[in-house]
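>>> Fold the following.
(one chain, ligands or ions: 2)
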Amino acid sequence: MAATSRGTSPVPPDVRPRLTVLSGPSGVGKSTVVAHMRSVHPEVWLSVSATTRKPRPGERNGVHYFFVDDEEFDKLIANGELLEWAEFAGNRYGTPRRAVLDRLEAGEPVLLEIDLQGARLVRQSMDDARLVFLAPPSWEELVRRLTGRGTEAPEVIERRLDAAKVELAAEAEFDTTLVNTSVEDVARELLALMLQA
Ligand SMILES: Nc1ncnc2c1ncn2[C@@H]1O[C@H](COP(=O)(O)OP(=O)(O)OP(=O)(O)O)[C@@H](O)[C@H]1O
Ligand SMILES: Nc1nc2c(ncn2[C@@H]2O[C@H](COP(=O)(O)O)[C@@H](O)[C@H]2O)c(=O)[nH]1
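Ligands and ions are numbered 1, 2, ... in the order given. Next up, the predicted model:
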């Protein structure tokens with residue numbers, strides 16, 4: 001991933017790009033927090049990932065994700081168009097590289113909402129990335145949120161909860177933990193972190 005390391009990055013040395021990664025178990029509320037933050041601060045730029053997952057009701061191509069098939073995703077990988085990618089609960093997800101680098105080059109804050117594997121890859125390739133872990137108030141509340149969302153079949157919920165156990169165990173790898181008790185409070189705290197030098 002040489003093209004994404006600071007040493008070979010196109011970012012001029014006098015510009016300090018800020019890349020914030022928001023991760024946390026499925027259902028903890030990452031999208032809800034980011035959507036709230038952007039409703040208050042529409043200028044905050046969020047990377048739109050590519051995924052092989054099928055859209056949920058209400059999800060729009062190019063807004064929530066770039067929905068692609070397996071063949072298209074293979075091409076994105078082969079062409080080096082993804083900054084990072086991972087398989088999560090049976091689908092693949094990846095961050096389009098160019099858009100992120102363009103924003104960083106312009107010195108603008110960049111936000112990625114990605115899973116633990118992606119966060120680890122970003123940490124390896126971009127040493128000044130800020131990694132933020134969003135934690136649930138409790139395991140029971142996480143299960144309630146994921147189940148209550150009503151977007152996944154029971155077997156998919158099981159896979160996501162299995163992944164959640166691994167993600168929760170990795171909290172110490174992150175720079176900061178925010179506990180998602182109040183969407184408004186966490187959104188405010190996340191924005192403050194993003195704007196920190
Ligand atoms: N602070 C909160 N209190 C109560 N419910 C919440 C809170 N934050 C989010 N939720 C609810 O939890 C559910 C899951 O939220 P959301 O879809 O944002 O999670 P996510 O972390 O983005 O999940 P995934 O990783 O699967 O995309 C939603 O129904 C949302 O309304
Ligand atoms: N490594 C990456 N993970 C990503 C990316 N985009 C989203 N995600 C994460 O996948 C899971 C599942 O998302 P869902 O929308 O199907 O619920 C969740 O943890 C997302 O944060 C990405 O580009 N790379």
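>>> contacting residues around residue 61?
Residue 61 is in contact with 55, 67, counting by C-beta atoms under 8 Å, 6 or more residues apart in numbering. Every residue, glycine included, has its C-beta placed from N, CA and C.
>>> gap between stretch 158-177 and the chain center?
On the basis of C-alpha atoms, centre = their mean, to the nearest Å, stretch 158-177 is displaced by 13 Å from the centre of the chain it belongs to.
>>> Just the buried positions in it, please.
If you call a residue buried by 16 or more other C-beta atoms under 10 Å, then stretch 158-177 has these buried ones: 160-161, 163-164, 167-168, 174.
>>> Those residues into a markdown table, with extra columns for pLDDT?
Putting the buried residues of stretch 158-177 into a markdown table (pLDDT from 0 to 100) gives the following:
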| residue | pLDDT |
| --- | --- |
| 160 | 98 |
| 161 | 98 |
| 163 | 97 |
| 164 | 98 |
| 167 | 98 |
| 168 | 98 |
| 174 | 98 |
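>>> Bridging across strands, which residues link to the most centrally placed residue in the chain?
Within the chain, the residue whose C-alpha comes closest to the C-alpha centroid is residue 113; the distance, by C-alpha atoms, centre = their mean, is 1.5 Å. Beta-bridge pairing for residue 113 (DSSP bridges): residue 22.
>>> now residue 159, nearest residue through space, not along the chain?
Of all residues not flanking residue 159 in the chain, residue 89 sits nearest, at 4.4 Å (C-beta to C-beta, 6 or more residues apart in numbering).
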